[in-house]
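Asker: With the input below, show me the fold.
(one chain, ligands or ions: 2)
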Amino acid sequence: MAASGEPCRPGRGEAAAVVVVGSCMTDLVSLAHRLPKTGETIHGHKFFIGFGGKGANQCVQAARLGAKTSLVCKVGKDSFGNNYIENLKQNDISTEFAYQTKDAATGTASIIVNNEVKTLFNPAPAIADLDPQFYTLSDVFCCNESEAEILTGLTVGSPADAGKAALMLMGRGCQVVIVTLGAGGCVMLSQTEPTPKHIPTETVKAVDTTGAGDSFVGALAFYLAYYPHLSLEEMLKRSNFIAAVSVQAAGTQSSYPYRKDLPIHLF
Ligand SMILES: Nc1ncnc2c1ncn2[C@@H]1O[C@H](COP(=O)(O)OP(=O)(O)OP(=O)(O)O)[C@@H](O)[C@H]1O
Ligand SMILES: [K+]
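Answerer: Numbers count the residues shown, from 1 in each chain. Ligands and ions are numbered 1, 2, ... in the order given. Got it, this is the predicted structure:
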C-alpha cells in the first residue's frame with residue numbers, strides 16, 4: 001500500500017501481535033420489504049450506518065478477543081473516514097498505520113501477519129487468476145466455498161468437495177489451507193497432514209450470517225498470534241465457535257463477541 005496521505009497517529013506504541021492489511025468500509029444499510037427495480041423509488045423502514053470492510057472486521061474481532069492489533073489501511077479525508085478512525089480507536093486498534101487521503105479507498109483482500117511472520121491470507125473477494133505468489137507466501141490460506149470454487153474451478157458444496165479444492169490450493173504452495181463451509185464449519189489440511197479433515201461447528205439459530213467469515217478469520221489470527229502451541233484443529237474449533245456466536249446477532253462488527261462474554265475454555 002502506498003503510504004501517501006496523513007497517518008492518524010504518529011507515535012509508536014507496544015508492538016502489535018496481529019497486524020491486518022485490508023479495507024475499511026462504511027456500511028450504509030437500508031431495510032426494505034423488497035429490492036427496488038431499476039429506477040424505482042420504494043419506502044424503506046429502517047436505515048443505519050455500520051462499520052465494515054473485511055480487513056477492519058477481522059481486526060476488530062481479534063481485538064475484541066484481547067489481541068494487540070494494528071490496522072494498515074487508508075480511508076478518505078471525510079466524515080466517514082474520521083468516524084472510522086474513531087471506531088478503530090474505540091476498539092483499541094492501533095491507527096499508527098491508518099492513513100487518510102482524498103483518493104478513494106480500495107481494499108479487496110487482507111493479509112494478517114503476526115510477530116513470527118506467519119501469514120494468514122484471506123483471498124476475498126476472489127479472482128481466478130490470483131498472483132501465484134499469494135499461494136507460496138501464505139502460511140495459512142483461508143477461503144470460503146465460493147472463493148474456493150473461483151480459485152480452483154471445482155464445485156464446492158460439501159466437506160468432501162472442499163477437501164479436493166483445498167488439496168489443489170495446497171498444491172500451489174500454501175502450507176495450510178482452510179475452506180469455511182458456513183453452518184458446516186470448515187475443512188483443513190496442511191503439508192504435514194495432507195488428508196482433509198472436516199471440523200463441524202455448533203448448531204445455532206442463525207439470525208444474520210453477514211460477517212461470519214471475517215469473525216472466523218479474526219479469531220483464527222488471534223489464536224495464531226496468542227496460542228501458537230494449540231493444534232490447528234483446536235484453533236479452528238474455537239474459531240468456529242466464535243463465528244457461530246456472530247451469526248446469532250445482526251450486522252457485522254456489531255455482532256462480534258468480546259472475550260468477556262465468551263466461555264473461559266476458549267482462552
Ligand atoms: N449458520 C451458521 N451456524 C454456525 N456457524 C456458522 C454459520 N454460518 C457461518 N458460521 C461460521 O462462520 C464461518 C465462516 O462462514 P462462511 O463459510 O459462511 O464464511 P463467508 O462466506 O466468508 O461469510 P460472510 O461472507 O457472510 O462473512 C464458518 O466456518 C462457521 O464457523
Ligand atoms: K452477524
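
Asker: give the contact list for the residue of the stretch 151-267 of the chain found nearest ligand 2.
Answerer: In the stretch 151-267 of the chain, the residue that lies nearest ligand 2 is S255 (3.4 Å; Cβ to the ion). Where C-beta positions appear, they are placed from N, C-alpha and C, glycine not excepted. Residues near S255 by Cβ atoms under 8 Å, 6 or more residues apart in numbering: D208, T210, G211, S215, V245, S246, V247, Q248, A249.

Asker: can you do 6 Å?
Answerer: By Cβ atoms under 6 Å, 6 or more residues apart in numbering, the contact list for S255 reads S246, A249.

Asker: Give me the phi and psi for it.
Answerer: For S255, the backbone dihedrals (degrees, to the nearest 10) come out as phi -100, psi 0.

Asker: and this structure, which residues reach ligand 1?
Answerer: Contact residues (Cβ under 6 Å from any ligand atom) of the chain with ligand 1: 144, 180-183, 185-186, 201-202, 204, 206, 209-214, 216, 240, 243-244, 247.

Asker: Which strands or helices does the helix or strand harbouring F121 pack on?
Answerer: Following DSSP states H and E, the helix or strand that holds F121 is strand 119-122. Counting contacts by 3 or more Cβ pairs under 6 Å, 6 or more residues apart in numbering; DSSP states H and E, strand 119-122 packs against strand 110-113, strand 140-144.

Asker: Return the distance of the residue in the stretch 1-150 of the chain positioned nearest to ligand 1 relative to ligand 2.
Answerer: Nearest to ligand 1, among the residues of the stretch 1-150 of the chain, is N144, at 3.6 Å (Cβ to the nearest ligand atom). Distance check for N144 against ligand 2: by Cβ to the ion, to the nearest Å, it reads 15 Å.

Asker: Could you check how far that residue is from P125?
Answerer: 10 Å (Cβ to Cβ, to the nearest Å).

Asker: any idea of the mean pLDDT for the strand holding F121?
Answerer: Looking at strand 119-122 alone, the average pLDDT works out to 89.

Asker: Following element in sequence after it, please.
Answerer: Later in the chain than strand 119-122, the nearest helix or strand by DSSP H and E is helix 133-137.

Asker: The residue of the stretch 101-250 of the chain found nearest ligand 1: neighbour count?
Answerer: Closest to ligand 1 within the stretch 101-250 of the chain is G213: 2.1 Å, counting by Cβ to the nearest ligand atom. By other Cβ atoms under 10 Å, 22 other residues sit near G213.

Asker: ok, now which ones touch it?
Answerer: Counted by Cβ under 6 Å, 6+ apart, G213 has contacts N144.

Asker: Backbone dihedrals for it, please?
Answerer: Dihedral pair for G213: phi -60, psi -40, per degrees, to the nearest 10.

Asker: Among the residues of the chain next to ligand 1, which lie within strands?
Answerer: Judged by DSSP state E, strands contain the following of those: N144, T180, C186.

Asker: quick one: pLDDT of the second one?
Answerer: Think T180. pLDDT at T180 comes out at 98.

Asker: does it really touch C186, like I thought?
Answerer: Yes: at 4.7 Å, T180 counts as touching C186 under the criterion of Cβ atoms under 6 Å.

Asker: Could you measure from V247 over to M168?
Answerer: As judged by Cβ to Cβ, V247 and M168 stand 28 Å apart.

Asker: which of these two has more neighbours?
Answerer: Between V247 and M168, counted using other Cβ under 10 Å, V247 has the larger neighbour count: 22 against 15.

Asker: for the more buried one, what are its contacts?
Answerer: Each residue near V247 by Cβ under 6 Å, 6+ apart is listed here: A206, T209, A212.

Asker: Over to C143?
Answerer: By Cβ under 6 Å, 6+ apart, C143 lies in contact with P123.

Asker: switch the cut-off to 7 Å
Answerer: Residues near C143 by Cβ atoms under 7 Å, 6 or more residues apart in numbering: N122, P123, A126, L151, V179.

Asker: how close does the residue nearest the centre of the chain get to K46?
Answerer: By Cα atoms, centre = their mean, the chain has its centre lying nearest to D214, at 2.7 Å. Here the criterion is Cβ to Cβ. By it, D214 lies 23 Å from K46.

Asker: Next: Y226.
Answerer: In this view, Y226 and K46 are 38 Å apart by Cβ to Cβ.
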